[in-house]
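Student: would you be able to build a 3D model of this:
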Amino acid sequence: MNILPKFTYLFQCLPINVPKSFFKELNKLITSFIWQKKNPRVKLSSLQAPYSRGGLNLPNFRNYYLASQYRSILIWLYAERSEVRWVPIEQYEVNPISLKDVPFLGTKKCLSKLTNNSIILNTFRAWQESHSLLKINISFLRRTPLWGNPDLSHHISDSILRGWKDRNIRTVADLYNNDTFIDFQQLKEKFKLPDQNFFKFLQIRDWIKEKTKGTFPEIPKESPFETHLCTKPWKSIKGIVSSIYTIINEKLPDYNKTSLKRKWEADLGYVYEEVEWYHLMEQAQTMLISTNHRQMQFNIFHRTYYTPYRLHKIDINYSPKCLRCKVIDGDLLHMLWNCPVIEEFWRRTTEIISRVIGIQVEMDPKLWILGDIDSINVDYHKKYFILLANTRVCS
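Tutor: Numbers count the residues shown, from 1 in each chain. Sure, this is the predicted structure:
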């Protein structure tokens, strides 16, 4: 899709908030174009899902917009060695904390106490919304700063806490050892603190307890974005947008739908492991070169075909019986496999393929309908041949 680079260029260059209504209208136009103004048979979100979730990797422009804002977030995190000219301006806006601490302030309300800069607030909003899409709570993270944090009251954030920063106690994570909150004696020995800091330690500990109800003394979990940005050795911002978009797409709960899986399991009398099912859907789109064959497998997985049984549910005047045998209700599996009229076709197909590859292949709808070739103990090229033959005989 040649319009995607044009949009991502604008998303990265214009630091403004793009309302959800814009993307809603854009999705309507895309849906209308794909289905030629007819009623869509598959939801747009299903088309936008990654291959492993049964989709076609159609770009999700809203998610690309959110991912584009991570260029600025990555620059924040490595601001100390960045030569980008706007960094000193935004650093001045958020004093006394560092730019690299901004994503970990937890809430927009907290950040608003430091700055009302719309560009900074918009970038932070994208950080929040991307986590919200994945249903991840980031109100309190392990890299939450201590000194200068507006969430701390003035009687806690005092000169003693400033002294902690000078001794490299900067974030919540510095108060943990082996993912467990340390006691004052350990903290004192590690950072050479005086005994007079014990009361400050109790204040900070109570604040962290309040923020991590139910999990204290364990360290707050990292979000996938936090891990990706802070643990990978980034030498440039190249690739950040696509990698963040991939994380959103792979982990988005909206794509983890099990209804299709359950329907096929009921038809085939076989229960797939989640990993098996995801691999099966991805394989249908990555092993096949022909777009027609890939589209056909997508249609089968998503059961988009209007069978007699399905048409009967729409209009009771339409007969639900199979168009071939005219005896049994023509649901999807019957039309593709179970009908006695096409049984001979599948038997001959199986015999021919077995002779070509040199082993006996079973007449199994999991293999011939869904393309589940992993159950056959042959090399990659023969598996590819079976999958290709499968799509050819079904087309």
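
Student: by contact count, what packs against the longest helix belonging to the chain?
Tutor: Longest helix in the chain, counting residues (DSSP state H): helix 340-357. Helix 340-357 is packed against helix 365-368, helix 380-394, with contacts defined by 3 or more CB pairs under 8 Å, 6 or more residues apart in numbering; DSSP states H and E. The C-beta positions use only the backbone N, C-alpha and C, and glycine is treated the same way.

Student: by mean pLDDT, show me the worst of the ones you listed.
Tutor: For the helices and strands packed on helix 340-357, mean pLDDT drops lowest on helix 380-394, to a mean of 69.

Student: so who does residue 321 touch?
Tutor: 308, 327-330 (CB atoms under 8 Å, 6 or more residues apart in numbering).

Student: which one (most neighbours) among the residues you listed?
Tutor: Neighbour counts for the contacts of residue 321, by other CB atoms under 10 Å, peak at residue 330, which reaches 24 neighbours.

Student: quick one: that residue and residue 87, what's the gap?
Tutor: 65 Å (CB to CB, to the nearest Å).

Student: for residue 126, same thing?
Tutor: Applying CB to CB to residue 126 and residue 87 gives a distance of 18 Å.

Student: and if you look at residue 53?
Tutor: For residue 53, the distance to residue 87 - CB to CB - is 38 Å.

Student: between those two, which one's more packed in?
Tutor: Taking other CB under 10 Å, residue 53 and residue 87 do not tie; residue 53 has more neighbours (21 against 17).

Student: count of neighbours near the residue nearest to that one when sequence neighbours are not counted?
Tutor: Nearest residue to residue 53 in three dimensions, chain neighbours excluded: residue 255, at 4.1 Å (CB to CB, 6 or more residues apart in numbering). By other CB under 10 Å, 19 other residues sit near residue 255.

Student: hmm, residue 255 is touching residue 50, no?
Tutor: Yes - with contacts defined as CB atoms under 8 Å, residue 255 counts as touching residue 50 at a distance of 7.0 Å.

Student: identify the contacts common to these two.
Tutor: Contacts common to residue 255 and residue 50, judged by CB under 8 Å, 6+ apart, are residue 249.

Student: show me where the stretch 201-350 of the chain has helices.
Tutor: Along the stretch 201-350 of the chain, the stretches classed as helices by DSSP state H, counting those that start in this stretch are 224-231, 240-251, 259-268, 274-286, 291-301, 308-314, 332-333, 340-357.

Student: in a markdown table: these, plus mean pLDDT and distance to residue 11.
Tutor: Converted to a markdown table, those look like this (pLDDT from 0 to 100; distance: least, CB to CB, whole Å):
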| stretch | mean pLDDT | distance to residue 11 |
| --- | --- | --- |
| helix 224-231 | 91 | 17 |
| helix 240-251 | 93 | 8 |
| helix 259-268 | 90 | 32 |
| helix 274-286 | 89 | 26 |
| helix 291-301 | 88 | 28 |
| helix 308-314 | 93 | 40 |
| helix 332-333 | 92 | 40 |
| helix 340-357 | 87 | 48 |
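
Student: turn those helices into a markdown table, including distance to residue 146.
Tutor: Formatted as a markdown table, the helices of the stretch 201-350 of the chain follow (distance: least, CB to CB, whole Å):
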| stretch | distance to residue 146 |
| --- | --- |
| helix 224-231 | 17 |
| helix 240-251 | 27 |
| helix 259-268 | 46 |
| helix 274-286 | 40 |
| helix 291-301 | 50 |
| helix 308-314 | 61 |
| helix 332-333 | 59 |
| helix 340-357 | 65 |
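
Student: who wins for proximity to residue 120 among the ones you listed?
Tutor: helix 224-231 (16.9 Å; CB to CB).

Student: distance from that closest one to the middle of the chain?
Tutor: Averaged C-alpha coordinates place helix 224-231 at 14 Å from its chain's average position (CA atoms, centre = their mean, to the nearest Å).

Student: show residues contacting it.
Tutor: For helix 224-231, contacts defined as CB under 8 Å, 6+ apart pick out 70, 73-74, 77, 103-104, 127, 130-131, 134, 136, 141-143, 222, 243-244, 247, 251.

Student: list buried residues within these.
Tutor: 70, 73-74, 77, 103-104, 127, 130-131, 134, 136, 141-143, 244, 247 (16 or more other CB atoms under 10 Å).

Student: ok, so of these, who is nearest residue 46?
Tutor: Nearest member of the buried ones among the contacts of helix 224-231 to residue 46, counting by CB to CB, is residue 134, at 18.3 Å.

Student: doesn't residue 248 make contact with the closest one?
Tutor: Yes - proximity of residue 134 to residue 248 meets the contact threshold set by CB under 8 Å, at 7.1 Å.

Student: so how far is residue 272 from residue 23?
Tutor: The value you get for residue 23 to residue 272, if CB to CB is used, is 33 Å.

Student: typed the wrong thing, it's residue 65
Tutor: 34 Å.

Student: show me the domain layout of this protein.
Tutor: Domain ranges of the chain: 4-133, 142-221, 259-394, per automatic domain parsing.

Student: buried residues, the longest helix of the chain. List them.
Tutor: 342, 346, 349-350, 353, 357.

Student: which one of those residues is nearest residue 208?
Tutor: Taking the buried residues of helix 340-357 together and measuring to residue 208 by CB to CB, the closest member is residue 357, at 62.2 Å.

Student: you'd agree the closest one is up against residue 378?
Tutor: Yes - Residue 357 is within contact range of residue 378, at 6.1 Å (criterion: CB under 8 Å).

Student: hey, what's in contact with both of these two?
Tutor: residue 386.

Student: excluding chain neighbours, what is closest to residue 242?
Tutor: Closest residue to residue 242 apart from its sequence neighbours, by CB to CB, 6+ apart: residue 67 at 7.6 Å.
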